[in-house]
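J.: Fold the stuff below for me.
(one chain, ligands or ions: 1)
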Amino acid sequence: MQLFNSCCGKGFDGKKKEKEEPSWRVFSLKELHAATNSFNYDNKLGEGRFGSVYWGQLWDGSQIAVKRLKAWSNREEIDFAVEVEILARIRHKNLLSVRGYCAEGQERLLVYEYMPNLSLVSHLYGQHSAECLLDWTKRMKIAISSAQAIAYLHNHATPHIVHGDVRASNVLLDSEFEARVTDFGYGKLMPDDTGDGATRAKSNNGYISPECVASGKESETSDVYSFGILLLVLVSGKRPLERLNPTTTRGITEWGLPLVYERKFGEIVDKRLSEEHVEEKLKKVVFVGLMCAQTDPEKRPTMSEVVEMLVNESKEKMSELEANPLFKNPYSSNENNREQVAEESSDVISKEKDNQQQQE
Ligand SMILES: Nc1ncnc2c1ncn2[C@@H]1O[C@H](COP(=O)(O)OP(=O)(O)OP(=O)(O)O)[C@@H](O)[C@H]1O
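T.: Numbers count the residues shown, from 1 in each chain. This is a model prediction of the structure:
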């Protein structure tokens, strides 16, 4: 995650600063202990690469989620408070911005608004997956609003921000199932590696673009790649990486593209959605997902283009999308070769990647 284009004398929406309510505040450790019942195990919502997250309630009744960092970047030049303030001022209705922080002694904590419907992961294959609360309409809304949030980070936030970790566990859902994208701009706050392989785990989660795995450099185009994987995960309910056998894993694009060649969209859609999806809309999301997740970064759309494609309902746009050479079977002229093609296209990831972890 990178922050760039630092801003001076202007609000973080690019306008002159007027008298504004501060968007964040400093919390005392005592206050956070009281809110979380001293970081009680029962309050724990989960654990990520950088620490554990606890549910809490403040004296005014508002519910919070407190991320207690197990390690943070103590590079001297990084001022934790300054970095958190930059992030806290980035505001968009589909971003979950940090509400405050606590830095006392060795403790570093980030405070967020609590999201009662947890993350997309919990609905796709976590604790809520059996209930199937995410119908097609909700999924479309999540797709569009999370695209808008990332486009905002890329184009309108000041400084512009590369998210760097777009994936289903970083899309949280509020009480109305509105998407709130979180965990952006952590690059300077978090250590490069927490020493327990956390950074490596991220690069093997199936969302990271090939060029980013190779260079470690995150960019707007690598966010687009991750968002493409997220779209495919959202409509199919599948994980980004699937273990075929103990030594082989397959990425979701390698699974989906051969089905798209055959226009077998019914095999792509999450079976829990039954017939409720609109065929054209389903096709569109799959096409956009695959366009984003192309290996060549130059061929990927920008996030603004992604938003435009997802919201545009016109038939011409749809025909344009469908005509993209990416969705044509390169071997289709030879009908006898179909089976072989499906096999080759499945592009089973080689032994080199065999140790990839099947994280969401
Ligand atoms: N604001 C929040 N409201 C409700 N649940 C939250 C909130 N923030 C995080 N969680 C939950 O806490 C758990 C841990 O979140 P965290 O962001 O630390 O890790 P992660 O996103 O799962 O993984 P990583 O750290 O690798 O990005 C997740 O299950 C997440 O759904």
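J.: pLDDT-wise, which helix or strand of this protein ranks last?
T.: Lowest on mean pLDDT, DSSP states H and E among the helices and strands of the chain sits strand 2-4, with a mean of 35.
J.: Which strands and helices lie in contact with the helix or strand following that one?
T.: Using DSSP states H and E, the helix or strand that follows strand 2-4 in sequence is strand 25-26. Here strand 25-26 touches strand 100-104, going by 3 or more C-beta pairs under 8 Å, 6 or more residues apart in numbering; DSSP states H and E. The way it works is simple: take the backbone N, C-alpha and C, and place the C-beta from them, glycine included.
J.: Name the residues of the strand it packs on that come out as buried.
T.: 100-103 (16 or more other C-beta atoms under 10 Å).
J.: What of stretch 253-272?
T.: 253-261, 265, 268-270.
J.: Next, count neighbours for the residue in the chain positioned nearest to the ligand.
T.: Among residues of the chain, the one nearest the ligand by C-beta to the nearest ligand atom turns out to be residue 48. It sits 2.1 Å away. Neighbour count for residue 48, taken as other C-beta atoms under 10 Å: 16.
J.: now swap in the one 4 residues further on and tell me
T.: Other residues within reach of residue 52 by the criterion other C-beta under 10 Å amount to 17.
J.: Likewise for the one 4 residues further on?
T.: Using other C-beta under 10 Å, the number of residues around residue 56 comes to 24.
J.: Now for it: which residues touch it?
T.: 32, 35-37, 43, 63-66, 114 (C-beta atoms under 8 Å, 6 or more residues apart in numbering).
J.: try 6 Å this time
T.: Residue 56 makes contact with 35-36, 64, 66, according to C-beta atoms under 6 Å, 6 or more residues apart in numbering.
J.: domains of this protein?
T.: Listed by automatic domain parsing, the domain ranges of the chain are 1-113, 115-330.
J.: which one of these has the most crowded surroundings?
T.: Ranked by average neighbour count under the criterion mean count of other C-beta atoms under 10 Å, the domains of the chain are headed by domain 115-330 at a mean of 18.
J.: tell me the average confidence for it?
T.: Here domain 115-330 scores 89 as its mean pLDDT.
J.: re earlier: quick check, nearest of the buried residues of stretch 253-272 to residue 122?
T.: Residue 122 lies nearest to residue 270 out of those, by C-beta to C-beta, at 15.0 Å.
J.: Can you tell me how far the closest one is from residue 132?
T.: Distance of residue 270 to residue 132, given as C-beta to C-beta, to the nearest Å: 9 Å.
J.: Please apply the same query to residue 96.
T.: 24 Å.
J.: ok, now residue 307?
T.: Relative to residue 132, residue 307 is positioned 27 Å away (C-beta to C-beta).
J.: repeat for residue 246
T.: When distance is defined by C-beta to C-beta, residue 246 is 30 Å away from residue 132.
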